[in-house]
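Student: Got a predicted structure here, sequence first:
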Amino acid sequence: MTSIEQIIDDFAFLDEWEDRYRYVIELGKSLPDMPEAWRTAENKVQGCASQVWLVTHTAGDPEDPVLTFDGESDAHIVRGLVAIALAIFSGKPASEIASTDALDIFGRIGLIEHLSSQRANGLRSMIRRIKSEAETRLPA
């Protein structure tokens, strides 16, 4: 998987929005296909116009577990947004995920203002879901 640092660097080299959209779609194509058995109502992210599924895996210290995510969407551009979100969050401790401002990162890339309001709302829903997954795994 491409790191978020690499994605930010790559965006800096792409001047045209057509090129940036193509890059987002390419990132989505790099995601592994999700097993059909994981495409359940429980794994579906609510609040997305497109179909988005997210599966969380936990490992390591029970006090601050490392979370990895699998995600997929039926829409090419949204699948790319899923790939960027996974680059930001996957493989990090729950405490770090809970404190990460992903919308700031998407803003620095310059993506938020170029998304339709439906896609931006869906992105926010996916980020909320990931952060909630992290927060529920931290001690109260």
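Tutor: Received the coordinates, thanks.
Student: for the chain, what spans make up the strands?
Tutor: With DSSP state E, the ranges of strands along the chain come out as 52-59, 66-73, 92-93.
Student: Output those strands in CSV; the columns should cover mean pLDDT, distance to D15 and mean neighbour count.
Tutor: For the C-beta atoms, the positions are set from N, CA and C on the backbone; glycine is no exception. Shown next, in CSV, are the strands of the chain (pLDDT from 0 to 100; distance: least, Cβ to Cβ, whole Å; neighbours: other Cβ atoms under 10 Å):
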stretch, mean pLDDT, distance to D15, mean neighbour count
strand 52-59, 96, 29, 17
strand 66-73, 96, 26, 21
strand 92-93, 97, 31, 18
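Student: closest one to L111 among those strands?
Tutor: Closest approach to L111 among the strands of the chain is made by strand 66-73 (15.2 Å; Cβ to Cβ).
Student: So what's the gap between the closest one and the chain middle?
Tutor: Strand 66-73 sits 8 Å away from the centroid of its parent chain (Cα atoms, centre = their mean, to the nearest Å).
Student: Sheet partners, orientation included, of that strand?
Tutor: Applying DSSP bridges, strand 66-73 is found paired with strand 52-59 (antiparallel), strand 92-93 (antiparallel).
Student: Compare those strands and give me the one nearest T2.
Tutor: strand 92-93 (15.3 Å).
Student: contacting residues around the helix or strand of the chain with the lowest mean pLDDT?
Tutor: Least confident element among the helices and strands of the chain, by mean pLDDT, DSSP states H and E: helix 102-109 (a mean of 90). Residues outside helix 102-109 that contact it (Cβ atoms under 8 Å, 6 or more residues apart in numbering) are 4, 7-8, 11, 84-85, 88-89, 112-113, 123-124, 127, 130.
Student: Could you single out the nearest of those residues to V66?
Tutor: Closest approach to V66 among the contacts of helix 102-109 (Cβ to Cβ): F89, at 10.8 Å.
Student: how about that closest one, what does it touch?
Tutor: Neighbouring residues of F89 by Cβ under 8 Å, 6+ apart: 67, 69, 97, 100, 102, 130, 134.
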